[in-house]
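# fold the following and give me the result.
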Amino acid sequence: MSTDGELQAGALAAALAEALGSSLSGVLWTRSDSLAETTAGGRTELVWGEAELPERLAGLDLRISAEAFLQTNTEMAEQLYEVIAGYAALAGWERVYDLYSGIGTIALALAPRAGEVWGIELLEQAVADAIASARRNEITGARFFAGDVRRALPELLAQAGRPDVLVVDPPRAGLSKSVVRRIIDAAPRRIVYVSCNPTTLAPNAAELVHAGWTLQRVRPVDMFPQTHHIECVALLERAR
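Prediction:
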């Protein structure tokens, strides 16, 4: 990524291809009008190779577009998904909602263990990646929709029915009060909350506990070794 300026993109791509060989999938150049730690909102140009990143994760054959989010620590991401699956405790018949589903990796990993999985994600390109991955991996029990969770969740409830298990993996800011209310209205038996920011998980969990769920356990997963950042998974359950 760069701001406006001169860059010999072709020469850079050629040097990278020579140095990295077959381990290099492609080179993309994103230009932004301001300095940032993300390429979001920039103008991306394919300079060399493939526009999508191939990845193998949790037994899934994935293709990730430049705009989509993917956990960069593949080995620990697989550990994270195993914790999520363990907390979800699926028996094969459940209806699962995956909120903020991204490119669908959690939903696709859970789909073979569930009756049906429904994912909601705001970024349309990420939804397209999830749908393509479902087809590529011959997973028929997962469906994905583009939309804001606050508005889309009531529509999904009307279409698909109430979830037995709800997985939510929000941004660092956590869940807004309106989204928490939507989850309460959905009334899942079990909630698996995946958080990259425990300081926003805590108040969200408190709201759900106040609404009738019990916080059963929280498991940290060290996705970012030798940093102060921590990912964690929380399990909340309510009596039938």
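# next, the buried residues of stretch 191-206.
I191, V192, Y193, V194, S195, C196, N197, P198, T200, L201, N204, A205 (16 or more other C-beta atoms under 10 Å). From N, CA and C alone the C-beta is placed, and that goes for glycine too.
# to what extent is the closest residue to P170 other than its chain neighbours buried, counted in neighbours?
Spatially, and ignoring its direct neighbours in sequence, P170 is nearest to Y100 (5.2 Å; C-beta to C-beta, 6 or more residues apart in numbering). Y100: 21 surrounding residues under other C-beta atoms under 10 Å.
# give me the low-pLDDT residue ranges for this protein?
1-5, 34-42, 49-52, 54, 57, 61-62, 65-70, 240 (pLDDT under 70).
# which phi and psi values does the most centrally placed residue in the chain adopt?
Centroid-nearest residue in the chain: G102, 3.8 Å away (criterion: C-alpha atoms, centre = their mean). The phi/psi pair for G102 (degrees, to the nearest 10) reads phi 60, psi -130.
# same question, the one 10 residues further on
Main-chain torsions, P112, degrees, to the nearest 10: phi -60, psi -20.
# just the buried positions in the helix or strand harbouring E78, please.
Here E78, judged by DSSP states H and E, is contained in helix 74-88. Within helix 74-88, the residues that count as buried by 16+ other C-beta under 10 Å are M76, A77, E78, L80, Y81, V83, I84, A85, Y87, A88.
# CA atoms of that helix as CSV?
Taking Å, rounded to 0.1, in the frame of the first residue of the first chain, the C-alpha atoms of helix 74-88 are listed here in CSV:
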residue,chain,number,x,y,z
THR,A,74,-3.0,-20.0,10.1
GLU,A,75,-1.9,-22.5,12.6
MET,A,76,-3.5,-20.7,15.5
ALA,A,77,-6.6,-19.9,13.5
GLU,A,78,-7.2,-23.6,13.2
GLN,A,79,-6.9,-23.9,17.0
LEU,A,80,-9.3,-21.0,17.4
TYR,A,81,-11.9,-22.7,15.1
GLU,A,82,-11.5,-25.9,17.1
VAL,A,83,-12.4,-24.0,20.3
ILE,A,84,-15.4,-22.4,18.6
ALA,A,85,-16.6,-25.8,17.4
GLY,A,86,-16.1,-27.3,20.9
TYR,A,87,-18.1,-24.5,22.5
ALA,A,88,-20.8,-24.8,19.8
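# mind giving me the packing neighbours of it?
strand 53-57, helix 105-110, strand 165-168, strand 190-195, strand 214-221, strand 231-237 (3 or more C-beta pairs under 8 Å, 6 or more residues apart in numbering; DSSP states H and E).
# just the ones you listed: most buried one?
helix 105-110 (a mean of 27; mean count of other C-beta atoms under 10 Å).
# just checking, what packs against it?
strand 60-64, helix 74-88, strand 95-99, strand 116-121, helix 124-136, strand 142-146, strand 165-168.
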